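# give me coordinates for this.
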Amino acid sequence: MPKRPAPTVPAASPTSAPAPLVAAAVYLHVSALRPNPRNPRMHGEEAVRLARTILRTAWGAPIVAQARSRRIIGGHGRLEAALRILASLEVDGELRGGPEHFFDKDAPGPGMVPVRLVDVSDAEADAMTLADNARALQGTDDSVRVLELLAPFGRGTRSSLTSASMTARSMASSRAPATPCWLWAPSGRRTSATPVRRAPRPRGSPAWRTSRARSSAATPSQ
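Presented below is the predicted three-dimensional model:
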């Protein structure tokens, strides 16, 4: 199936009035944000890698939170990374961050991160959280382009930028199938790379006795 061309952004009309200037995000201290206790995405070492990436580069996308409750909708990993930075973190052999860390040069104070506040209900906030975590809505990575972006970085930095780097290297080197090897091949026929996974034979059944007899005949005497 041919790929659809990427949508283009329509040019603004020269006669249209400029939109009013509204702040897309505000700065809030991390202590003002509430993690969603039902957030389905769990973070571990990924948060450490993200924290090191932020310290090496800059803070990128704002955290998205419900306006009235300050409950996080998208950005739990960024919040965890920010907390690790405020607790100090070793990066390239140097201790960086700390409680007085500024996440952005325009931030009004230490520990303050950009937050996009949206006026939505609890149900809408939950739907947005599910959509933010849904892999089916995030597209796929082109492994060649990922490797091209990673090429200028050193080995240590490259391995900690994103978990996608490991996925891309694996895809580029092995091109392994995404399904377990014992599953049927797409054609419905087994291949040498797709061994059969047989169901266990009930003890005492004719198939079990036949298998035992074959094993005994194939085993050399001691």
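# show the subsequent helix or strand relative to the longest strand along the chain.
Across the chain, the longest stretch assigned as strand under DSSP state E is strand 112-118. On the C-terminal side of strand 112-118, the closest following helix or strand by DSSP states H and E is helix 122-133.
# can you tell me how far G111 sits from M128?
For G111, the distance to M128 (C-beta to C-beta, to the nearest Å) stands at 25 Å. Backbone N, C-alpha and C define where each C-beta goes, glycine included.
# for the record, mean pLDDT for the longest strand of the chain?
Average pLDDT, strand 112-118: 95.
# buried stuff in that strand?
Of all the residues in strand 112-118, those buried under the rule 16 or more other C-beta atoms under 10 Å are M112, V113, P114, V115, R116, L117.
# what's the answer for stretch 88-104, then?
Neighbour-count burial for stretch 88-104, counted by 16+ other C-beta under 10 Å, picks out L89, V91, G97, H101, F103.
# in this structure R52 contacts L89, no?
Yes. Proximity of R52 to L89 meets the contact threshold set by C-beta atoms under 8 Å, at 6.7 Å.
# picking up where we left off before, which of G111 and M128 has more neighbours?
Shown here are G111 and M128; by other C-beta atoms under 10 Å, G111 has more neighbours (21 against 16).
# please name the nearest non-neighbouring residue to that one.
Distances taken as C-beta to C-beta, 6 or more residues apart in numbering place H29 nearest to G111, at 5.1 Å, with adjacent residues excluded.
# burial check on that neighbour, number of neighbours?
By the criterion of other C-beta under 10 Å, H29 has 15 neighbours.
# phi, psi of it?
When read as degrees, to the nearest 10, the backbone of H29 gives phi -70, psi 150.
# distance of it relative to A134?
The gap separating H29 from A134 is 29 Å, by C-beta to C-beta.
# ranges for the helices of the protein?
For the chain, the helices defined by DSSP state H occupy 45-56, 76-86, 122-133, 143-150, 155-161, 164-174, 206-218.
# mind telling me which of those helices the model trusts least?
helix 164-174 (a mean of 43).
# neighbours around G109, how many?
As a burial measure, G109 scores 9 neighbours (other C-beta under 10 Å).
# R78 versus that one, what's the distance?
Per C-beta to C-beta, G109 is found 18 Å from R78.
# M112 now?
13 Å.
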